[in-house]
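Q: got a predicted structure plus its sequence, pasted below:
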Amino acid sequence: MADKKITILYVDDEENNLFSFKAAFRIKYQVYTAISGDEALKILAEKAVHIIVTDQRMPGMTGVEFLEKVILAFPDPIRLLLTGYADMAAVVDAINKGKIFHYLTKPWNEEELDITINRAYEAYLEKLKLKEENEKLETSNDQLEFLLRQKLLS
């Protein structure tokens, strides 16, 4: 997929972090930013996003609360949690409730985050491939059930 950039949504309530992230990654990736979970949900409704990177500590809605909403409406993007606090409860919640792919601490290391984004994108592609294969199996199963019912009725 060399002609199409990986699309990332970065959510953080600190504007400086939004600018820093976009400056660091805008050339390599298609980057959308949001200053709140609510703003991010609006972007997800309008744009196709592969990876979501969200801060944990935000007013109004934590990163985990945001990711819980994302899972219900937009299950495909791979989710990463970023926080400046070594809060084990947040990490556990992120894994259990937000179903995150990876947890990173702030301030983020650009190289580590870049590697993680690429690994997350590989997981995204694998997830889509499995979803497609599952849909094919469901279709085959429906066809077999139909044939079996026809056979039983005749």
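A: Structure's in. What do you need?
Q: where does the protein have low pLDDT?
A: Within the chain, the ranges that satisfy pLDDT under 70 run 1-3, 85-94, 96-98.
Q: do a quick rundown of the strands in it.
A: 7-11, 30-34, 51-55, 78-83, 102-105 (DSSP state E).
Q: helices or strands up against the longest one?
A: For strand 78-83, the helices and strands in contact under the criterion 3 or more Cβ pairs under 8 Å, 6 or more residues apart in numbering; DSSP states H and E are strand 51-55, helix 63-73, helix 88-96, strand 102-105, helix 110-153. C-beta coordinates here come from the backbone N, C-alpha and C atoms, glycine included.
Q: go on, the second one?
A: Strand 30-34 makes packing contacts with strand 7-11, helix 15-25, helix 37-46 when contacts are defined by 3+ Cβ pairs under 8 Å, 6+ apart.
Q: closest to Lys106 out of those?
A: helix 15-25 (7.7 Å; Cβ to Cβ).
Q: got the contact list for the closest one?
A: The contact list for helix 15-25 (Cβ atoms under 8 Å, 6 or more residues apart in numbering) reads 8, 10, 12, 31, 33-35, 53, 55, 106, 110, 114, 117.
Q: can you say which of these are buried?
A: Ile8, Tyr10, Asp12, Val31, Thr33, Ala34, Val53, Asp55, Ile117 (16 or more other Cβ atoms under 10 Å).
Q: cool, thanks, signing off.
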